[in-house]
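Colleague: What would the 3D arrangement of this be:
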Amino acid sequence: MSRATGKRGGGWSSARTVRRGVVASGFLLAGTVIAAKAAMLQIVQHERWSAAAEEQHRERVELPARRGGIYDRNGVALALSEEMFRVSLAPQELRDPGAVAERIAAGLGRPPSEMQDIVESSDRWVVLPGRYTSDQRREVGNLRGVYFESQLERFYPQGDAGREVIGALARDGRALGGIEQELDEVLRGQPGYSVLRRDAGGRMRPTMSLPVVPPTEGASVYLTIDSDLQEIADASLSQAIRETGSSGGDLLIGDPDTGEVLAAVSRRSGRSRSLAAITAPYEPGSTIKPFVAAALLTEGRATLSDSVYAEQGFWRDGSRAFRDTSPHGWLSLRSTIEVSSNIAIAKFAKRLSAGQQYAYLRDFGFGTLTGIAHPAESSGLLRRPREWSKLSSGSLAMGYELLVTPLQMLAAYGALANGGVLMEPTFIREVRGPDGRSLARREPVQLRRVVSEEVARSLTDVLAATVNDGTATQASLGDFAVAGKTGTSRRVVDGGYRGGGYTSTFAGYFPAEDPQIVLFVKLDEPQGEYYGGVTAAPVTRETLRGILAARTPGIDRRTLLTARIVEGPRSSPLTAWPSGHGDRDDTYVFELSPGLPRASAEEIPTSIAVPAVVGQELREAARQLHDSGFKVRVEGRGRVTASVPPAGSLLEPGVLVTIRGGGA
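Modeller: Coordinates of the predicted model:
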């Protein structure tokens, strides 16, 4: 028994020894593996894992570039990007919460009680509502526990003026329509990036951001738009829409010699402001008749004195009935335009072949894109002769069976105004880099000569007579010679004519001799009287009055004044320049009564006092300075804190005055 027991005890001892050896070997092997792995991590892969650990504490963040500004032709800011700041607090990091609350309340304009509650809270992180300017950031200064995050925001110093042309930006920075979209690559610049470090809790802190690659600011775009003329056109069209009950309308002003668009306004009830004058074609009606006459004269198919019988107001040509608003007998081509006879122009058009009629309408720019910088321009519609019916010649001569845009009509009348050359319309004058250097400047582009100077001059005489004695007398400015033509057409809705719906238009230029501006007015669905001579023509007159009365470089009034300047009440619709003392109640007005003696250059004020605008909203202050005769540069936003030169300074008309805003 003792031997057996002893053997059994020795076996167990041997097994324990083996197990201990195995465990020890396992520990040794594990230790070796761990040591080898540690050596691998610490020595061989040290840089790799150090970089990975560092990467966990930082994040690459894009730094948006400041978007280039959009300015009018005289440097008036229309769209700017301003650096704003979001402000956050870490209450647990504040050394003197009471002092911080007082400093922020004063610098940011926050309620003191609100700030006291925030700094005394147990929250680890608090974001203040709103955005704050650079001046407000400087007021607060650098405080422990107060963090500023820079953000760029787009704003429009002139309010809604010109927004149809400018376009807009979505909240995410996407360009929406207008120049903002068309020249997005030019304006947006090149973004940079920075490294944003995280704290031990993994939270990102704005002040831990270290710039790595700074962003490159976008280029600025200078438009052909004149902000004074834009404002005048806006006011004239808005008033006309209200007074006529129209559903919308368009008003364009351009330079016939260069093709530059000086003002462009579109209004549609219940819709956002988009430039329908470029995107929405319509049937032009009688405003097309001068171009049919131009084809007849150029091709030698008629003279202005040639006559046709106007059938006393009603004529049936095959299955088509033509009507005039008034009965007429024999009418010359000149009289046909002046009284706007549908019957006579349809008969005259028969002297042209389909190819000739089409070619001239096409050469005047109808049925094709103008090439203007806009992301959604319509080409309108002008069908080729092979698609015409037997009735198409007469329909086209009256302004039907084709669709045109107001911009195309502006360019076509500009060709008559400048002596027969179709110019390419443009909104863009110049592009400048962030340093102010000119990167590109657009020169006038002549597309083609359509008619001779002699033909254009002859038609100008006819169009001037149309305003003086024909269908467009309500566009007359007394001693000022205006050339133009009215039009009235039925509105097309969903492929058919809308019962009782009309489009009323006027197109023309001013002055008739050596024109400086070309205008186009369109009213949609005016209520009551709807003929262009009664609705659209008066808008032209009021617009021209505003242009003559405003201080703007868009037109040279020293060569236009055919009426004297007289003193009058401020309520006059033709307010011109304030007196030399800057009294807003003592103004000069243009008296447009016929027969008044001409004004001399000496009667025009040579110095103007800068009005006091400190404390006013920037928009209102800019308007007052424009009205006073100055160019204006806007800096900042909110209310005016200073003007340079200061109020009361006597300056020459047209001098630049800078106004600065100091708040959000």
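Colleague: For the nearest residue to residue 374 once chain neighbours are set aside, give me its contacts.
Modeller: Excluding the flanking residues, the one nearest residue 374 by CB to CB, 6 or more residues apart in numbering is residue 278, at 5.2 Å. No exception for glycine: its C-beta is placed from N, CA and C like everyone else's. Residues in contact with residue 278 (CB atoms under 8 Å, 6 or more residues apart in numbering) are 264, 372, 374, 376-378, 405-407.
Colleague: Residue 278 and residue 522, how far apart?
Modeller: 12 Å (CB to CB, to the nearest Å).
Colleague: okay, now the closest residue to residue 525 other than its chain neighbours: neighbour count?
Modeller: Spatially, and ignoring its direct neighbours in sequence, residue 525 is nearest to residue 247 (4.5 Å; CB to CB, 6+ apart). By other CB atoms under 10 Å, 17 other residues sit near residue 247.
Colleague: Just name the shakiest helix or strand of this protein by mean pLDDT.
Modeller: Least confident helix or strand, the chain: strand 587-590 with a mean of 23, by mean pLDDT, DSSP states H and E.
Colleague: So which residues of the stretch 151-300 of the chain form strands?
Modeller: 168-169, 175-176, 192-198, 204-213, 220-223, 248-254, 261-268 (DSSP state E, counting those that start in this stretch).
Colleague: weakest of those in terms of mean pLDDT?
Modeller: Of all the strands of the stretch 151-300 of the chain, the minimum mean pLDDT falls on strand 204-213 (a mean of 58).
Colleague: Please confirm that residue 82 is located within a strand.
Modeller: Yes. The assignment for residue 82 by DSSP: H, G, I helix; E, B strand; the rest coil puts it in a strand.
Colleague: That one contacts residue 151, doesn't it?
Modeller: No. Using CB atoms under 8 Å, residue 82 makes no contact with residue 151, being 9.6 Å away.
Colleague: Give me the more crowded residue out of those two.
Modeller: Higher neighbour count among residue 82 and residue 151: residue 82, with 19 against 12, using other CB under 10 Å.
Colleague: any idea how far the more buried one lies from residue 133?
Modeller: Using CB to CB, residue 82 is found at 7 Å from residue 133.
Colleague: repeat for residue 156
Modeller: According to CB to CB, residue 156 and residue 133 sit 16 Å apart.
Colleague: likewise residue 508?
Modeller: On the measure of CB to CB, residue 508 and residue 133 end up 46 Å apart.
Colleague: okay, the two: which has more neighbours?
Modeller: Relative neighbour count places residue 508 above the other of residue 508 and residue 133, with 30 against 20, counting by other CB under 10 Å.
Colleague: who's the more buried one bridged to?
Modeller: Residues in a beta bridge with residue 508, per DSSP bridges, are residue 484, residue 519.
Colleague: Do I have it right that it meets residue 481?
Modeller: No. If you go by CB under 8 Å, residue 508 and residue 481 don't touch, sitting 10.6 Å apart.
Colleague: what residues do these two have in common as contacts?
Modeller: Contacts common to residue 508 and residue 481, judged by CB under 8 Å, 6+ apart, are residue 467.
Colleague: Figure out how far the helix or strand in which residue 357 is found is from the centre of its chain.
Modeller: Using DSSP states H and E, residue 357 sits within helix 354-363. Averaging C-alpha positions (CA atoms, centre = their mean, to the nearest Å) puts helix 354-363 33 Å from its chain's average.
Colleague: what's the answer for stretch 212-225, then?
Modeller: Using CA atoms, centre = their mean, the offset of stretch 212-225 from its chain centre is 17 Å.
Colleague: Just the CA trace of stretch 386-404, in PDB.
Modeller: Extracted C-alpha coordinates of stretch 386-404, given in PDB (Å, rounded to 0.1, in the frame of the first residue of the first chain):
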ATOM      1  CA  ARG A 386     -40.800  77.000 -94.900                       C
ATOM      2  CA  GLU A 387     -43.000  76.700 -91.800                       C
ATOM      3  CA  TRP A 388     -45.100  79.700 -92.600                       C
ATOM      4  CA  SER A 389     -48.700  79.600 -93.900                       C
ATOM      5  CA  LYS A 390     -50.200  81.900 -96.400                       C
ATOM      6  CA  LEU A 391     -51.400  84.200 -93.600                       C
ATOM      7  CA  SER A 392     -48.000  84.300 -91.800                       C
ATOM      8  CA  SER A 393     -46.600  87.400 -93.700                       C
ATOM      9  CA  GLY A 394     -49.500  89.600 -92.500                       C
ATOM     10  CA  SER A 395     -49.500  88.100 -89.000                       C
ATOM     11  CA  LEU A 396     -45.800  88.800 -88.600                       C
ATOM     12  CA  ALA A 397     -46.200  92.300 -89.900                       C
ATOM     13  CA  MET A 398     -48.600  93.000 -87.100                       C
ATOM     14  CA  GLY A 399     -46.400  91.300 -84.400                       C
ATOM     15  CA  TYR A 400     -48.100  87.900 -84.200                       C
ATOM     16  CA  GLU A 401     -46.800  84.400 -85.000                       C
ATOM     17  CA  LEU A 402     -43.500  85.300 -83.300                       C
ATOM     18  CA  LEU A 403     -42.200  85.600 -79.700                       C
ATOM     19  CA  VAL A 404     -39.700  88.100 -78.600                       C
END
